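# task: produce atomic coordinates for the following.
(one chain, ligands or ions: 1)
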Amino acid sequence: MIFTNKCCRACGKSKALADFYSNGTGYFPSCKECYMGARRAAYRRDPEKAKEQVRRYRARLKAQRLATTPGAPKTPKVSQ
Ligand SMILES: [Zn+2]
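Here you go, the predicted structure:
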């Protein structure tokens with residue numbers, strides 16, 4: 001088994017990739033712990049903005065999934 005570590009940009013600790021969130025093509029620069037800490041801090045600063053960012057992120061993920069999932073309906077099926 002290969003353990004690949006990544007250095008967190010926020011706390012500077014070397015952690016396993018499992019401790020980082022994936023963004024589809026790679027991993028976030030900061031570990032889950034730091035990412036969640038940053039999210040919480042952002043929420044405290046501006047709850048509406050933080051919620052909007054999460055909404056946009058989810059919408060983008062959904063669009064990506066639809067675009068990459070084979071057999072996902074791209075156009076409405078016309079029944080005969
Ligand atoms: Zn960290």
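
# would A38 count as being in a strand?
No: assigned with DSSP: H, G, I helix; E, B strand; the rest coil, A38 falls outside any strand and is helix.

# and the next helix or strand past the helix or strand where C34 lies?
Take DSSP states H and E as the rule and C34 turns out to sit in helix 32-45. Where DSSP H and E defines the elements, the next helix or strand beyond helix 32-45 is helix 47-68.

# what angle do that following helix and helix 32-45 make?
130 degrees (axes from the mean of the first three to the mean of the last three C-alpha atoms, to 10 degrees).

# elements contacting helix 47-68?
helix 32-45 (3 or more C-beta pairs under 8 Å, 6 or more residues apart in numbering; DSSP states H and E). C-beta coordinates here come from the backbone N, C-alpha and C atoms, glycine included.

# other residues contacting the helix holding C34?
8, 10-11, 19-21, 28, 30, 49-51, 53 (C-beta atoms under 8 Å, 6 or more residues apart in numbering).

# for those residues, which two are the farthest from each other?
Greatest spatial distance among those (C-beta to C-beta): D19 and K49, at 26.4 Å.

# looking at these two, which is more packed in?
Ranked by neighbour count (other C-beta atoms under 10 Å), D19 and K49 place D19 first, with 17 against 11.

# so who does that one touch?
Applying C-beta under 8 Å, 6+ apart, the residues near D19 are 8, 31-33.

# K51 now?
Contacts of K51 (C-beta under 8 Å, 6+ apart): Y43.

# which residues touch the residue nearest the centre of the chain?
Here the mean C-alpha position of the chain is nearest to the C-alpha of N23 (C-alpha atoms, centre = their mean), at a distance of 4.5 Å. N23 sits next to no residue when contact means C-beta under 8 Å, 6+ apart.

# not counting its neighbours along the chain, what's nearest Q64?
G24 (6.4 Å; C-beta to C-beta, 6 or more residues apart in numbering).

# confirm that neighbour sits in a helix?
No: the assignment for G24 is coil, going by three-state DSSP, so no helix is present there.
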